[in-house]
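Asker: Sequence plus predicted model, see below.
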Amino acid sequence: MSRHQAVRNLDYDEALDEYEGEDFDDENEADQLSPEDRDAMNVGTATVQSALGPDADKVTAQQIQDALWYYYYDIDKTVSYLQKKFIAPPPAPKQEPKKAKDVYPIRQTVSLSPSSFFHGIPWMNVPSNRQAVLVPPRPLPGGLLGGGEGPKLSKLQALAAARKKKTATEAKNPDDKVDRAEKRMSTLAIDESSKGDQRPGSSILAKRQKLAADSASGAQAATLVSRPRQDESAPGPSGMDVDDAPSPGNIDEAEVDCLVVPPTRPSAFAQTLFGSAQNSAAASQTYTLPYMDSSTFVPSAFSQPSPDDIVLAAQAKAGTKFDAAAAKSATKKVVTKPTGSQTPTGEMKQLQLDDSTAPKNKKLNVLKEFEKSENKRSASFVVVGHVDAGKSTLMGRLLLELKYIEQHLIDRYRRQGEKMGKSSFALAWVMDQREEERERGVTIDIATNQFETEKTRFTILDAPGHRDFVPNMIAGASQADFAILVIDANTGAFEKGLKGQTREHALLLRSLGVQRVIVAVNKLDMVGWSKDRFDEISEQVTGFMKGNGFQLKNVTFVPISGLTGANLAQRPDDEALSWYDGPTLIEALEDSDPMARALEKPFRMSISEIYRTQQSQLTVAGRIESGTVQNGEALIIQPSGEPASIRSIEVDGEAQDWAVAGQTVNIGLYGIDPIHVRVGDIISTKAAPIETSDTLTMKVLAFDHLMPMPVDVHRGRLHAAGRVEAIPAVLDKLTGSTVKKNPKIVQPGKVARVVVKLESKVPLEAGQRVVLRSGGETIAAGLLE
């Protein structure tokens, strides 16, 4: 029978009868609660009812349980919600009554026919009472366009028209013109008695006063306003003298409306444009600007450094004062003392930058300061192992056992994990903070945390176990003093990990110089704390570690349970583990001594993180590999070669004036642009900088077949692409003597000297350990020569 026939013959009633719907029954929702949630729900219901008091009768138990479930058993929020929702709800806002809309009767529709549309309209002989009256539009005034009376004349135009009319009248009567000219000539005579002490303009002033007196008595004088001119000797308009100013008595009525105020003295701008240069001795070739007449104008305002120049010079002085003599001479060349109004005063004076803005180099003897310090010893350990071995969960449980995190944080992570179907990842999320890590359920990058015991201050470096993130594991192992190798004790899981990342991680630990290893046999409770399983795992791992060059005295096996916390900080009471009499995980950590500190060597630090803080615009974090450093010291960032200085040093969350090798520090830098600093760069002192090179010669141990091929060189966070250019010789493991020259290929397990050519220069020097990887696999590791 075909599928189509089966679907057509399907009995839907029979299929529906078989379905009972128990999975979606709302009444059985309480049965879905776990025993722990059911107990918490019962306790919470009783607590809420007691908190409500007499108002508890107003809400049902189901409403209380729904509120508890919504607020994650938070009593205070549940009580507040019930009071607002059911016991004393807020009054509903009063709604204003809606106004009735106006109702209009529906008009009766009138059916019209085409013939009725022209009813009552005559075609010819329209009566006059029905004819339309067409009113022509009112024509617009002509104005400037012509064709009409122009706009009203101004007073000046009216005065010009009156003078034109007067000139035309005089042309008709030439005798009156001659008499007026003779009268004007007579007024030019000067009295000899008044030559000695008569001031210029005195007669003019007297006549002006007389004119004012006459204008006060005349009825028409109110319309005439006379202003004194700036230059009384200058002729008036139309060539008239001041004496010829018309008196109120002589003004014709036709001219009264045309008289205007006499023009005042031209402005400076007008004199500049239209003034005459006859009185000037010589033409000036310089032109003054309007603001130069101001009393506050300073001709040499920009001859001295501005306040911004002073600040920049002070910053340059503070950022480059490494040599006192050089800084002093440089300051003299750059900074000049301001004079006059340019001297900063008040609050501006307080803003001047100097070396006091950044800590000065106190020239401390850091080695003596370190010997005198009574700080706890510090150690870093990296947690490695195969993927899903329980590394992050183990570290989360360890911090919980030591009271460095609270239980409510784990409960919150568990509730968040339930929504994603990953409730068992609550402890792992203490270390895995990135969203991508939580979604994928694996550690991607190095996660750090800290805790203290009575003897030591530890730094946790939780490394990823997935093979795709081995470079990040290398970065974590390069910062560690010792390691915790986590092994899954479940049947089949150990064997799978031994063929996978467990073996590679062990090889990398030995290649990077980590000698102390604590093997944590995790999830042993899943096999009933079986001693036989523990012994089997210990035997196989011991042989593997011995074959890779580890000393057995530096390898310790500890049975644990990362999920329950058994044998982490305290010995369990379970009789199933009574056969074990070794140390707990914390005791094994305290018995591990940190690596020897290279205090006498030059300062070197690899940058593992870059961020910004309130104290510094640029802060770098990492572990000091060698040497010492202190505040105010001059540094060089390689491979960029940019100089910088130390503004602040923070060790284990506390500000200090110095730091030594082996400590994980945060260093605040200044005097360098952040674009020149990258993760993986090496910091060294200016006195002993690290050199950069693109050709490396190294002695390596081959883990796979090695030949001229593309490789990636790894050193902490530093990754550089290159190529194996030559293999000069194969060496003896014990003596280092040459066994074979210029081999074409190096077999796994052999030691050889190789030359690697990099695509760019990197800060590496002799004696440092590097790892060679190709195609996602670790193929060799060794020392630079």
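Answerer: Good, I have the coordinates. Fair warning: this is a prediction, and the values are worked out from it, not measured in the lab.
Asker: What are the contacting residues of stretch 447-455?
Answerer: Stretch 447-455 is contacted from outside by 376-377, 392, 395, 398-399, 402, 404, 430-433, 457-462, 586, 589-590, 652-653, using Cβ atoms under 8 Å, 6 or more residues apart in numbering. Any C-beta I mention is one placed from the backbone N, CA and C, and that applies to glycine too.
Asker: which of the residues you listed are buried?
Answerer: Burial by neighbour count, 16 or more other Cβ atoms under 10 Å: within those this picks out 392, 395, 398-399, 430-432, 457-462, 586, 589-590, 652.
Asker: Can you flag which of those residues belong to strands?
Answerer: Members of those lying in strands (criterion: DSSP state E): 457-462.
Asker: any idea which of those residues is the one closest to Val126?
Answerer: Of all those, Val126 sits closest to Asp462, with 105.8 Å by Cβ to Cβ.
Asker: Ramachandran angles for Gly476?
Answerer: Dihedral angles of Gly476 (phi, psi; degrees, to the nearest 10) stand at phi -70, psi -40.
Asker: can you tell me how far it sits from Phe381?
Answerer: 10 Å (Cβ to Cβ, to the nearest Å).
Asker: who's more crowded, those two?
Answerer: Gly476 (27 against 23; other Cβ atoms under 10 Å).
Asker: ok, the more buried one - contacts?
Answerer: Per Cβ under 8 Å, 6+ apart, neighbours of Gly476: 382, 384, 446, 461-463.
Asker: can I get the residues you listed in a markdown table with pLDDT and distance to Pro689?
Answerer: Formatted as a markdown table, the contacts of Gly476 follow (pLDDT from 0 to 100; distance: Cβ to Cβ, whole Å):
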| residue | pLDDT | distance to Pro689 |
| --- | --- | --- |
| Val382 | 92 | 29 |
| Val384 | 92 | 33 |
| Ile446 | 85 | 27 |
| Leu461 | 90 | 28 |
| Asp462 | 88 | 33 |
| Ala463 | 88 | 31 |
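Asker: would you list every one of the helices in the stretch 501-650 of the chain?
Answerer: Assigned by DSSP state H, counting those that start in this stretch, the stretch 501-650 of the chain shows helices spanning 501-511, 531-547, 585-590.
Asker: Now do the buried residues in whichever helix or strand Arg412 is part of.
Answerer: If you go by DSSP states H and E, Arg412 is part of helix 407-420. Residues of helix 407-420 classed as buried: 410, 413-414, 417 (neighbour count, 16+ other Cβ under 10 Å).
Asker: about what we covered before: shared neighbours of Gly476 and Phe381, anything?
Answerer: Shared contacts of Gly476 and Phe381 (Cβ under 8 Å, 6+ apart): Leu461.
Asker: quick one, what contacts the nearest residue to Asp481 once chain neighbours are set aside?
Answerer: Using Cβ to Cβ, 6 or more residues apart in numbering and skipping the chain neighbours, the partner closest in space to Asp481 is Pro594 (4.1 Å). When contacts are counted by Cβ under 8 Å, 6+ apart, Pro594 touches 377-380, 481-482, 662.
Asker: So for Pro594, what's the pLDDT?
Answerer: With respect to pLDDT, Pro594 scores 80.
Asker: ditto for Lys99
Answerer: 57.
Asker: Leu156 now?
Answerer: 84.
Asker: Ok, Asp694 next?
Answerer: 92.
Asker: and what of the one 4 residues further on?
Answerer: Here, the pLDDT recorded for Met698 equals 93.
Asker: That one - that's part of a strand, no?
Answerer: Yes: assessed by DSSP: H, G, I helix; E, B strand; the rest coil, Met698 belongs to a strand.
Asker: my read: it touches Val751, true?
Answerer: No: with contact defined as Cβ atoms under 8 Å, Met698 does not count as touching Val751 (10.8 Å).
Asker: tell me the domain ranges of this protein?
Answerer: 24-87, 306-336+352-357, 378-590, 604-685, 693-784 (automatic domain parsing).
Asker: Among those, which comes closest to Asn365?
Answerer: Going by Cβ to Cβ, the one of the domains of the chain nearest Asn365 is domain 604-685, 9.3 Å.
Asker: Span of the closest one from start to end?
Answerer: 8 Å (Cα to Cα, to the nearest Å).
Asker: Could you do stretch 590-601 as well?
Answerer: Using Cα to Cα, the end-to-end distance of stretch 590-601 comes to 27 Å.
Asker: Mind listing what's buried along it?
Answerer: Neighbour-count burial for stretch 590-601 [16+ other Cβ under 10 Å]: 590, 592, 594-595, 597-599.
Asker: Number of residues surrounding Glu785?
Answerer: Neighbours around Glu785, by other Cβ under 10 Å: 11.
Asker: do the same with Ile610
Answerer: 16.
Asker: so where's the stretch 351-500 of the chain shaky on pLDDT?
Answerer: 351-359 (pLDDT under 70).
Asker: in it, which spans are helices?
Answerer: Applying DSSP H, counting those that start in this stretch to the stretch 351-500 of the chain gives helices spanning 366-372, 391-401, 407-420, 435-440, 470-477, 493-499.
Asker: Which parts of the stretch 651-785 of the chain are strands?
Answerer: 654-656, 658-660, 664-670, 682-685, 693-702, 710-715, 718-731, 738-741, 751-762, 769-774, 777-784 (DSSP state E, counting those that start in this stretch).
Asker: Can you tell me what sits against the first one?
Answerer: For strand 654-656, contacts defined as Cβ under 8 Å, 6+ apart pick out 648-650.
Asker: returning to that earlier point: pick out whichever of Met698 and Val751 has more residues nearby.
Answerer: Met698 (22 against 19).
Asker: Please name the residues that touch that one.
Answerer: By Cβ under 8 Å, 6+ apart, the neighbours of Met698 are 753-754, 756, 770, 782-785.
Asker: I'd like those written out as CSV, with pLDDT and distance to Phe603 added.
Answerer: Below are these laid out as CSV (pLDDT from 0 to 100; distance: Cβ to Cβ, whole Å):
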residue, pLDDT, distance to Phe603
Arg753, 94, 29
Val754, 95, 29
Val756, 95, 26
Val770, 92, 20
Gly782, 90, 24
Leu783, 91, 21
Leu784, 92, 18
Glu785, 88, 22
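Asker: what's the closest of these to Ala314?
Answerer: The closest of these to Ala314 turns out to be Leu784 (Cβ to Cβ; 42.9 Å).
Asker: so what's that closest one up against?
Answerer: 696-698, 764-770.
Asker: how many neighbours does the nearest residue to Ser608 once chain neighbours are set aside have?
Answerer: Excluding the flanking residues, the one nearest Ser608 by Cβ to Cβ, 6+ apart is Gly622, at 4.4 Å. Residues near Gly622, counting by other Cβ under 10 Å, number 23.
Asker: partners of Gly622 in the sheet?
Answerer: Assessed by DSSP bridges, Gly622 has beta-bridge partners Val665.
Asker: Check which helices and strands the helix or strand containing Ala46 is in contact with.
Answerer: Assessed by DSSP H and E, Ala46 sits inside helix 35-52. Where contact means 3 or more Cβ pairs under 8 Å, 6 or more residues apart in numbering; DSSP states H and E, helix 35-52 is packed against helix 61-70, helix 75-82.
Asker: closest one to Phe603 among those helices?
Answerer: helix 75-82 (54.0 Å).
Asker: pLDDT of that closest one, averaged?
Answerer: 87.
Asker: Now do it and helix 61-70, the angle between them.
Answerer: If you take axes from the mean of the first three to the mean of the last three Cα atoms, to 10 degrees, helix 75-82 sits at 130 degrees to helix 61-70.
Asker: what angle sits between helix 75-82 and helix 35-52?
Answerer: Going by the same axes, to 10 degrees, helix 75-82 makes 60 degrees with helix 35-52.
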